[in-house]
Structure formats: structure tokens, C-alpha cells
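**Q** coordinates only, sequence not included:
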């Protein structure tokens, strides 16, 4: 059976074909301006033979309905993964598991599948930045959510006057911690703040587990933060798709549309 795996975030959509146990080359795009015809053309027109569509989506009802309609026209039902207490080799630590975002759930599953012998801090950098701790046995021990760097920048530019005015123009793109313009200072400060939070998470996790976890970084803006993280770190950009592959194989709980 050929399956199409789809990860729909707030800003970007990623997708890849799964043939047997082999994950195809992922593709990605910004989807904010897409209509139903765009989902059909981009995801299904070049990918004939799709029998099943497995989706992790945090994008909302309108986007989900558009994707589901495109899948039906292609002869496949879209199956939207939902979060359960246990699935894909992990146990979710939230008191109410459904409150964990499905993208975080899939990323946790993917990270534990790839790095099954070590504890991991799974860091997703998209519109928001999430950090989740999973021990080597697959137990999710909780996590945190903060604005990702670009959202930090936007918050300052939208909610201030003096900073916003001074951030128009000026030098950007320097190196090191200390910037030489307001705009560069905002951007650099947001990235260093995000990286510092990851390193603090590793410190806290190491004390809890008595073992340093591996940072597994993913998300469209992972490249903004990764170079500044001091802890042991690897980047897996298709981590949610990797988790969806595991969940589709293990029969995850889904909603059909």
C-alpha cells in the first residue's frame, strides 16, 4: 500500500510518499494562500496511486477540509491522527493527552524511533518553539511552549513604537552575540534566547534523568537556532513525517474525513 504522509503546520505543509517501510523525499511549501485546487495539484496530481493519506494537522478546520476534499477526489480518504496516551512506542505524560499538539506527538514518536536508546529533548521550531523531554523508555515527561524567534521579532515590531521605528533599516547579518543595529539586535536576540532555553532544558533534563539527553531539532526555522545551541544536537527536518510513518504502521487513532 502506498501512503501519503502530510504534516500541516500553522505556516508550512510538508509531505512525502511512504511505500512499504521506505519514506520518499519530503517536499515543503507555505500553504497560507492555498485553495482546494492547490492541495489537489501539489500533493496528488504528481503522485498517482496513493491509497491512503495520513495527516498531522494543527492548521484548523478550513485547511483540513480542503485537504480532505482533495484526497477524496484522488480516490483516497484522509486520516487525521489524534493524540492518545500510548502510541508509536511512546507514552504521553500530559494529564490530558489530547491537549498535546499532534505535530508534537508525531515528532516525539519519530525521535524515539530514530534514537531509541537515549533520552531526547525534541525541539520544534516553527511559528512557536516547543521542547519535549522523552526518556529512553519512550516516556514523555512533559514540555514547554514559547514563541519561536520570528514570532518574538514580530511581537516587538507590532507592540512597540520606538523599537519598530528604529528597526527600519540598519545593518544586519553580523556575527556574535552583540548586534550593531536595532533590527539585527532583535533578530539576534530572539535566536540566542531560543538557543539558551534549549540549553537550560538540557540542564534541567540532565538533573531529572541523571543523564544528558540528545537534542533533536526540527521545524522550518530550525536553522535559526541550531548553530547557537551548545548542547549535543542533531537536526532531523522531516521528524514529524518520520513519526507519521511509525504511527501509520502501528495503527494510530485517526479521524476519517
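**A** That came in fine, so what should we check first? Everything quoted here is computed from the prediction, not taken from an experiment.
**Q** list the buried residues for the helix or strand hosting residue 245?
**A** Using DSSP states H and E, residue 245 sits in helix 239-250. For helix 239-250, the buried set under the neighbour-count rule, 16 or more other Cβ atoms under 10 Å, comprises 239, 240, 241, 242, 243, 244, 245, 246, 247, 248. To be clear about C-beta, it is placed using only N, CA and C from the backbone, and glycine gets the same treatment.
**Q** and for the nearest residue to residue 234 once chain neighbours are set aside, the neighbour number?
**A** Residue nearest to residue 234 in three dimensions, not counting chain neighbours: residue 216, with 5.9 Å by Cβ to Cβ, 6 or more residues apart in numbering. By other Cβ atoms under 10 Å, 25 other residues sit near residue 216.
**Q** by how many degrees do the helix or strand hosting residue 216 and helix 239-250 diverge?
**A** Taking DSSP H and E as the definition, one finds residue 216 inside strand 214-218. Following axes from the mean of the first three to the mean of the last three Cα atoms, to 10 degrees, one obtains 100 degrees for the angle between strand 214-218 and helix 239-250.
**Q** parallel or antiparallel, list what pairs with strand 214-218.
**A** Strand pairing for strand 214-218, determined by DSSP bridges: strand 120-125 (parallel), strand 233-235 (parallel).
**Q** need the winner for burial among those strands.
**A** strand 120-125 (a mean of 27; mean count of other Cβ atoms under 10 Å).
**Q** separation between residue 220 and residue 196?
**A** Distance of residue 220 to residue 196, computed by Cβ to Cβ, to the nearest Å: 21 Å.
**Q** who has more neighbours out of the two?
**A** For residue 220 versus residue 196, the count of surrounding residues by other Cβ under 10 Å is larger for residue 220: 19 against 14.
**Q** contacting residues for the residue lying closest to the more buried one once chain neighbours are set aside?
**A** Nearest residue to residue 220 in three dimensions, chain neighbours excluded: residue 12, at 5.0 Å (Cβ to Cβ, 6+ apart). Applying Cβ atoms under 8 Å, 6 or more residues apart in numbering to residue 12 gives the contacts 28, 29, 30, 31, 126, 220.
**Q** mind checking pLDDT for residue 12?
**A** Note on residue 12: pLDDT of 91.
**Q** residue 257 now?
**A** For residue 257, the model assigns a pLDDT of 55.
**Q** can you show me the helices along the stretch 1-150 of the chain?
**A** 36-39, 61-73, 102-114, 149-159 (DSSP state H, counting those that start in this stretch).
**Q** residues in contact with the last one?
**A** Pointing back at helix 149-159 there. Residues contacting helix 149-159 (Cβ under 8 Å, 6+ apart): 125, 127-129, 147, 163-164, 167, 186-187, 189-191, 193-194, 221, 224-225.
**Q** related to what we said a few turns ago, these two touch, right, the residue nearest to residue 234 and residue 115?
**A** Yes - applying Cβ atoms under 8 Å, one finds residue 216 in contact with residue 115, separated by 6.6 Å.
**Q** show me where this structure has strands.
**A** 2-8, 12-19, 22-23, 27-30, 52-57, 78-81, 86-87, 90-91, 120-125, 128-134, 140-147, 214-218, 233-235, 254-256 (DSSP state E).
**Q** closest to residue 138 out of the helices of the stretch 1-150 of the chain?
**A** Each of the helices of the stretch 1-150 of the chain has some distance to residue 138 by Cβ to Cβ; the shortest is helix 102-114, at 5.1 Å.
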